[in-house]
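# predicted model and sequence below, questions to follow.
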Amino acid sequence: MGRMRRDRAFREDLPKNPAGGLLARRGLLRRFLHYAGLIAILLCAVILAGFLWFADSVTTLVPPADARADAIVVLTGGYQRIDQAVELLRRGSGRRLLISGAHPTTSPAQIRKMTQSSPDLFECCVDVGYEALDTIGNANETSRWIHDHGYASVLVVTNNYHMPRSLMELRRIDRATNFIPYPVVNADLKHTAWYADPNVVRTLLSEYGKTLIAYARGVIGWGAGDGLRSTAKFAKTSG
């Protein structure tokens with residue numbers, strides 16, 4: 001009995017967490033972790049839902065049946081895009097074509113041979129832009145070209161997954177021009193299980209992340225340069 005009393009007295013003498021302590025059931029730290037966890041779960045759910053919406057919207061994009069505009073612009077990144085843009089020019093869907101963001105080592109003659117186009121078509125109606133380094137640069141290069149020629153409507157040719165971000169950047173820089181999307185579809189993702197292909201999922205996730213960043217940049221007004229090669233060279237030389 002004496003030993004039991006001593007043990008009980010020892011336990012009673014141990015320091016106790018105050019009712020309002022950080023680690024108490026209703027303490028500040030526990031409440032913070034609880035609400036932070038809920039916010040993190042909600043944020044993950046929103047991002048996942050946004051990705052599913054993005055993937056569904058780009059995989060169901062189809063080119064318009066009878067696309068027509070004052071001019072055509074293709075954002076480089078694949079030969080299929082350029083082939084499709086040149087074919088639109090041949091069909092008379094636009095009066096002139098800009099190939100934006102070509103590599104400096106690629107000549108118009110090489111592009112003409114690749115697309116099996118006539119020299120007359122390239123001579124009269126095709127411009128090759130070498131200044132754009134990225135999608136922002138494509139938008140700036142395209143905007144300059146549009147205003148130099150006085151066009152009011154332009155067909156935008158790029159891959160379906162790249163279309164939302166391309167239109168976002170173009171419309172952010174040039175609100176006066178009517179940009180008409182003409183998505184290039186490399187594979188039928190609408191009727192296939194795209195989520196079972198790791199390469200497709202990786203591409204969609206990467207583009208979704210870039211699109212979110214582009215959207216956030218517009219909301220907070222964060223600048224990311226003009227994406228033009230001439231400006232980048234000047235900045236490097238100046239530095």
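Yep, it's here.

# residues touching the residue nearest to Ile136 when sequence neighbours are not counted, list them.
Leaving aside its sequence neighbours, Ile136 sits nearest to Gly227 (C-beta to C-beta, 6 or more residues apart in numbering; 3.5 Å). (Glycine included, C-beta is placed from N, CA and C.) Contact analysis of Gly227 by C-beta atoms under 8 Å, 6 or more residues apart in numbering lists 132-140.

# before we move on, what about Trp53?
Per C-beta under 8 Å, 6+ apart, neighbours of Trp53: none.

# measure it to Ile39 for me?
With the distance defined as C-beta to C-beta, to the nearest Å, Trp53 ends up 21 Å from Ile39.

# same check on Gly129?
44 Å.

# compare the two (neighbour count), which wins?
Gly129 (22 against 10; other C-beta atoms under 10 Å).

# nearest the geometric middle of this structure, what residue?
Geometric centre of the chain, nearest residue: Thr211, 3.3 Å, by C-alpha atoms, centre = their mean.

# so how far is Ala139 from the residue nearest to Ile136?
According to C-beta to C-beta, Gly227 and Ala139 sit 8 Å apart.

# so Pro108 makes contact with Val126?
Yes: Pro108 is within contact range of Val126, at 7.0 Å (criterion: C-beta atoms under 8 Å).

# more neighbours: which of those two?
Neighbour count, other C-beta under 10 Å: between Pro108 and Val126, Val126 has more, with 21 against 15.

# show me what contacts that one?
With C-beta under 8 Å, 6+ apart, Val126 has these contacts: 86, 89, 96-97, 99, 108, 111-112, 117.

# could I have the buried ones of the residues you listed as PyMOL selection syntax?
Filtering those down to the buried ones (16 or more other C-beta atoms under 10 Å) takes a single PyMOL command:
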select buried, resi 86+89+96+97+99+111+112+117
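
# filter the contacts of Val126 down to the ones in strands?
Applying DSSP state E to the contacts of Val126, the entries found in strands are 97, 99.

# which one of the contacts of Val126 is nearest to Tyr35?
Ile99 (51.8 Å; C-beta to C-beta).

# any idea what the closest one is bridged to?
Val74, Val128 (DSSP bridges).

# you'd agree it is up against Gln84?
No: counting by C-beta under 8 Å, Ile99 sits too far from Gln84 to count as a contact (11.7 Å).

# any residues in contact with both of those two?
With C-beta under 8 Å, 6+ apart as the test, Ile99 and Gln84 both reach Val74.

# for the helix or strand hosting the residue nearest to the centre of the chain, name the packing helices and strands.
Following DSSP states H and E, one finds Thr211 within helix 198-220. Identification of packing neighbours for helix 198-220 by 3 or more C-beta pairs under 8 Å, 6 or more residues apart in numbering; DSSP states H and E yields helix 28-59, helix 163-173.
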